[in-house]
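Enquirer: I'll drop the sequence and a predicted model, then ask my questions.
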Amino acid sequence: MMAGARPSRLVILGHPVAHSLSPVFQGAAMAACGIPLSYERLDVRPDDLIDTLAQCQQSRTGGNVTIPHKEAVASRADRLSDVARRAGAVNTFWFEQGLLHGDNTDVDGVRATVRALTGHRVPERAVVLGSGGSAAAVLLALTELGVAHIAVVARTPDRAQALLARTGVMGRVLPLDDPETVMALGDANLVVNSTPLGLHDGDAYPVDPRMLSSDAAVFDLVYRGQAADGAPIGTAWVQAARARGLCAEDGLRMLVEQGAAAFRCWFGLEAPRDAMWQSLGETPPSPDRPRGT
């Protein structure tokens, strides 16, 4: 799904959004391609989302959507890609002839990260933590990759069941405090955090890494910057998983890959990934192994 005409401006809608690196690497990508547009962060409270979208419509602004607005934007879109419709969540949007178009490129980012984490091997058993819009993208990507057994661990099982029904993904729902959840985490080849836990200093781990199998791969959709020497540090959960010897990666690769797919939606061009990674102070990672290895 691609825009028929370039947006006049790009933004990222979220709350909070000050931490977003999208303006950094998308600005570098547009500069590398000679596209003279700005990309800005817009911190939008849920009550202000409708008015903000109306303003974007008037100015033909496109961009990205992050927590907590992905599902709300999907519900208001006039045109959805098939993957956005199944996910019930939009992370990339633009306007054409006054109509709101929505896509979900998070699936591209999840798929690329899981492949790198697993060395392109398909995990047999995966556990997804959370049941929001980001979890929908994870479920769709895991299904596309051919993961046979998927469990969703959620605080609200009814919401998780609705998520599975909407996406058409075969899986089981487990509540947080359940003996079966402990067993599923111990058996999983891949554990994915799609909750906001880790965005803030002092957040609890989504799950204790000591509960996981020694051959489990850990994927945290949250990302938390770099060390002073430029080495990727990941979230506290990723660091704890690595300390246990697990293969683990935060959400930075997913962020860049979903951004590259969004760039293609807006401009019909292949994104300059080297420029995007360099703007973040990193060498482009190998598609066949985790970042930092």
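Expert: Thanks, I have the structure now.
Enquirer: from here on, contacts and neighbour counts on C-alpha atoms
Expert: OK.
Enquirer: isn't there a strand covering L42?
Expert: Yes - when the secondary structure is assigned by DSSP: H, G, I helix; E, B strand; the rest coil, L42 falls within a strand.
Enquirer: Look up how far S59 lies from it.
Expert: Distance of L42 to S59, computed by Cα to Cα, to the nearest Å: 15 Å.
Enquirer: what about the helices in the stretch 1-150 of the chain?
Expert: Taking DSSP state H, counting those that start in this stretch as the criterion, the stretch 1-150 of the chain contains helices spanning 22-32, 49-59, 70-76, 82-87, 106-118, 133-145.
Enquirer: Columns mean pLDDT on top of these, output as CSV?
Expert: What follows is the helices of the stretch 1-150 of the chain, written out as CSV (pLDDT from 0 to 100):
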stretch, mean pLDDT
helix 22-32, 97
helix 49-59, 97
helix 70-76, 95
helix 82-87, 94
helix 106-118, 96
helix 133-145, 94
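Enquirer: Would you tell me which of these gets closest to E270?
Expert: Proximity to E270 (Cα to Cα) singles out helix 22-32 among these, at 9.9 Å.
Enquirer: so what are the domain limits for this structure?
Expert: Under automatic domain parsing, the residue ranges defining each domain of the chain are 9-104+256-279, 107-250.
Enquirer: and the ones you listed, which one is worst for confidence?
Expert: When these are ranked by mean pLDDT, domain 107-250 comes last with a mean of 91.
Enquirer: can you give me the end-to-end distance of that domain?
Expert: 15 Å.
Enquirer: tell me how far that domain is from the chain's mean position?
Expert: Its chain's C-alpha centre lies 11 Å from the corresponding centre of domain 107-250 when counted by Cα atoms, centre = their mean, to the nearest Å.
Enquirer: wait, what's in contact with E71?
Expert: For E71, the residues meeting the contact criterion (Cα atoms under 8 Å, 6 or more residues apart in numbering) are G88, A89, V90, G133.
Enquirer: ok, now how distant is S134 from A275?
Expert: Remark: distance between S134 and A275 (Cα to Cα) = 26 Å.
Enquirer: and R41, how many residues sit next to it?
Expert: Applying the criterion other Cα atoms under 10 Å, we find 21 residues in the vicinity of R41.
Enquirer: hang on, the earlier thing: could you dump the helices of the stretch 1-150 of the chain to a markdown table with distance to F263?
Expert: Written out in a markdown table, the entries for the helices of the stretch 1-150 of the chain read as follows (distance: least, Cα to Cα, whole Å):
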| stretch | distance to F263 |
| --- | --- |
| helix 22-32 | 8 |
| helix 49-59 | 18 |
| helix 70-76 | 18 |
| helix 82-87 | 16 |
| helix 106-118 | 12 |
| helix 133-145 | 18 |
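Enquirer: May I have the phi/psi pair for L190?
Expert: When read as degrees, to the nearest 10, the backbone of L190 gives phi -140, psi 130.
Enquirer: what bridges to it?
Expert: Note on L190: beta-bridge partners A126, A217, judged by DSSP bridges.
Enquirer: any idea how far it lies from R125?
Expert: Taken as Cα to Cα, the spacing of L190 relative to R125 amounts to 7 Å.
Enquirer: With V147 instead?
Expert: From V147 across to R125, the span is 7 Å (Cα to Cα).
Enquirer: Likewise for A184?
Expert: In this structure, A184 and R125 are separated by 8 Å, where distance is defined by Cα to Cα.
Enquirer: out of the two, which sits in the busier spot?
Expert: In this comparison of A184 against R125, neighbours counted by other Cα under 10 Å, the higher total goes to A184 at 22 against 18.
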